[in-house]
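>>> Sequence below, structure please.
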Amino acid sequence: MTSPVASRPSPQTAGEIGGLSTVLLQITDTHLFASADTKHRGINTQASLDSVLVNAKADARWPPDAIVVTGDIVHDESQAGYERFRKTLESLGPPAFCIPGNHDDPAVLERYLAAPRVQVCGDTRLGAWRLILLNSFGNGEVAGALGTAELARMERVLEKHPGEHTLICMHHPPVAMGSAWLDNPGLRDAEPFMDLVRLHAQVRAVLWGHVHQELDRHADGVRLMSTPSTCAQFRPENDEFAEDNRPPGMRWLELNPNGGLTTEVLRVPGANPA
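Prediction:
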């Protein structure tokens, strides 16, 4: 059963929280390994990530207020991979917020990534916004699932902070991407997730990884976005798996205190050396 759509106030009039905009950098699907020299789909994933970050640091928006990492961080689930990634995040400066993807080991990720300036899952306030980090890891499968506990946590946070514009971050897409091999299976409990989104008017946007491609659309007043990987890309709207020759990328987001959001995906040609 589809829940009723909440009446979402216009970003121009929503909320009375003032202050400056919050700038976020999203990176996703880094697919690192224990060895920095390991290749995935013919790409040195560490070198590709490094090139993306060099480009990010040259951007006028650097440093962001926070970095969001939406899963598939370490492809081989290795302690060494997570420790090296944590050191990379710590060297960048801004606080970082991470969630696991289907190629991660959530327990190993949390043990070796969590640090004073690196948060794993949970939620936090950033300026006028609430950031909710959801774990959609499905044990032993590519498909994602939030499960009753994670959906309940999401609902508790939304009910506790009704006056804060909210950005929800996850790994798996909660909507169809138009590619059969990605959409079936996708996020197994996408419908109850979207029902909760519709019920809570403060949800402004949902952001995810997993699909190695860009999407930006609106549904029921909510911005829905996916972001290219920092390494290999998948061909959009292709029913069978196929790689895309587009370069790796990242997403910049500006979260305005009135609830508005501006965003840009930037790709980095030449960033994925073999």
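
>>> Can you tell me the closest non-neighbouring residue to residue 215?
residue 226 (4.3 Å; Cβ to Cβ, 6 or more residues apart in numbering). No exception for glycine: its C-beta is placed from N, CA and C like everyone else's.

>>> Residue 52 falls within a strand, correct?
No - going by DSSP: H, G, I helix; E, B strand; the rest coil, the assignment for residue 52 is helix, not a strand.

>>> burial of it, as a residue count?
Here the count is done by other Cβ atoms under 10 Å, and residue 52 has 26 residues near it.

>>> distance of it from residue 228?
Distance, residue 52 to residue 228, by Cβ to Cβ, to the nearest Å: 9 Å.

>>> now do residue 268
Distance, residue 268 to residue 228, using Cβ to Cβ: 9 Å.

>>> In terms of packing, which of these two has more residues around it?
residue 228 (28 against 19).

>>> number of nearby residues for residue 114?
14.

>>> Please disregard the earlier target; I meant residue 252.
Look at residue 252: counted by other Cβ under 10 Å, it has 18 neighbours.

>>> Please name the nearest non-neighbouring residue to it.
Per Cβ to Cβ, 6+ apart, closest to residue 252 is residue 264, 5.0 Å.

>>> same question, residue 81
residue 74 (3.6 Å).

>>> joint contacts of residue 52 and residue 228?
248, 249, 250 (Cβ atoms under 8 Å, 6 or more residues apart in numbering).

>>> packing partners for whatever helix or strand the last one lives in?
When elements are assigned from DSSP states H and E, residue 250 belongs to strand 249-255. The helices and strands touching strand 249-255, judged by 3 or more Cβ pairs under 8 Å, 6 or more residues apart in numbering; DSSP states H and E, are strand 22-27, helix 45-57, strand 165-170, strand 261-267.

>>> neighbouring strands for that strand, and are they parallel or not?
Its sheet considered, strand 249-255 pairs with strand 22-27 (antiparallel), strand 261-267 (antiparallel) by DSSP bridges.

>>> Just the CA atoms of the helix or strand where residue 225 lies, as PDB, please.
Using DSSP H and E, the element containing residue 225 is strand 222-226. The C-alpha trace of strand 222-226 is given here as PDB (Å, rounded to 0.1, in the frame of the first residue of the first chain):
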ATOM      1  CA  VAL A 222      12.400  14.900  -3.300                       C
ATOM      2  CA  ARG A 223      15.700  15.100  -5.200                       C
ATOM      3  CA  LEU A 224      17.000  11.600  -6.100                       C
ATOM      4  CA  MET A 225      20.700  11.300  -7.000                       C
ATOM      5  CA  SER A 226      23.300   8.700  -7.900                       C
END
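
>>> Name every strand pairing with the following helix or strand past it and say which way it goes.
Heading C-terminal from strand 222-226, the first helix or strand you meet, by DSSP H and E, is strand 233-234. Looking at strand 233-234 with DSSP bridges, its partner strands are strand 243-244 (antiparallel).

>>> so for the strand it pairs with, what's the average pLDDT?
Taken as a whole, strand 243-244 has an average pLDDT of 90.

>>> sorry, back to before: so which of the shared contacts of residue 52 and residue 228 wins on neighbours?
Ranked by the number of neighbours (other Cβ under 10 Å), those place residue 248 first, at 28 neighbours.

>>> Can you say which of the strands paired with strand 249-255 is packed in most?
When these are scored by mean count of other Cβ atoms under 10 Å, the highest mean neighbour count falls to strand 22-27 (a mean of 24).

>>> Run through who's touching that one.
Applying Cβ under 8 Å, 6+ apart, the contact partners of strand 22-27 are 49, 52-53, 56, 61, 64-70, 94, 126-129, 167, 169, 207, 227, 230, 250-255.

>>> One more: stretch 121-134?
Contacts for stretch 121-134 (Cβ under 8 Å, 6+ apart): 15, 17-22, 24, 65-66, 68, 97-99, 110, 119-120, 135, 146, 150, 154, 157-158, 161, 164-170, 202, 204, 255-259.

>>> Using ChimeraX, make a named selection holding only the buried ones among those.
Buried subset of the contacts of stretch 121-134, written as a ChimeraX selection, criterion 16 or more other Cβ atoms under 10 Å:
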select :15,21,22,24,65,66,68,97,98,99,110,119,120,135,146,150,154,157,158,161,164,165,166,167,168,169,170,202,204,255,256,257,258,259
